[in-house]
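Asker: sequence and predicted structure, then a few things I'm wondering about:
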Amino acid sequence: ISPFVAVAKDLLRKIEARETVTRRVKLLFVTRDTREISWLKDTLQDLTLTQPAVFDISIYLTSAKDMTSESATLFRIGRDMLYQHTGKDVVSGLNISTNFGRPAWPAIFTHIINTDPARRVGVFTCAPPPLTAELEQVTKQYSSPAKKFVLKRELF
């Protein structure tokens with residue numbers, strides 16, 4: 001994700017200088033552990049606080065897959081209560097709630113189709129090959145003449 005954080009920072013600068021027509025950026029940060037979140041914590045916080053109407057950021061912690069037990073349910077309830085009280089997520093320490101498991105691509109793409117007026121939507125990834133292949137399939141599945149999803153990959 002780090003190449004896209006640099007892009008997001010540059011986009012933030014352009015938005016503030018009114019040098020771009022970009023209206024909305026939905027950034028999904030999918031990671032296995034919280035250490036990767038801490039590397040980008042300040043940048044993610046800046047993006048959501050500076051331009052909350054533009055940057056919609058979601059964090060997915062994939063190592064926390066089994067969140068169906070009673071203790072997991074209690075953890076989620078406590079986490080949600082703390083978030084409502086403080087505005088901070090207990091996992092990331094950010095004003096961005098952490099989701100557990102992988103993103104639900106059908107729900108995400110359906111939401112974009114129903115809420116974003118753009119006819120062309122860029123989908124950018126710097127994910128491992130299996131996740132990129134999954135995104136490639138989903139972008140094809142949800143593209144139509146009315147809404148075209150275009151996948152761009154960053155490899156490093």
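Answerer: Nice, thanks for sending it over.

Asker: just want the most central residue of the protein.
Answerer: Centroid check for the chain by C-alpha atoms, centre = their mean gives residue 28 as the closest residue, at 1.6 Å.

Asker: mind listing what the closest residue to that one other than its chain neighbours touches?
Answerer: Using C-beta to C-beta, 6 or more residues apart in numbering and skipping residues adjacent in sequence, the residue nearest residue 28 is residue 58, 5.1 Å away. All C-beta spots, glycine's among them, are computed from the backbone N, C-alpha and C. By C-beta atoms under 8 Å, 6 or more residues apart in numbering, residue 58 lies in contact with 26-29, 96-97, 99, 103.

Asker: which element is residue 58 on?
Answerer: Here residue 58 sits within strand 55-61, counting by DSSP states H and E.

Asker: how about residue 27?
Answerer: Here residue 27 is covered by strand 25-31, with elements defined by DSSP H and E.

Asker: ok, residue 95 next?
Answerer: Using DSSP H and E, no helix or strand contains residue 95.

Asker: can you name the farthest residue from the center of this protein?
Answerer: The chain, C-alpha atoms, centre = their mean, max distance from centroid: residue 70 (27.3 Å).

Asker: on the pLDDT front, check it for me.
Answerer: Residue 70 is assigned 74 on the pLDDT scale.

Asker: how far out from the middle of the chain is stretch 93-111?
Answerer: Centroid separation for stretch 93-111 versus its chain: 7 Å, with C-alpha atoms, centre = their mean, to the nearest Å.

Asker: quick check: residue 5 vs residue 85, distance?
Answerer: Per C-beta to C-beta, to the nearest Å, residue 5 is found 29 Å from residue 85.
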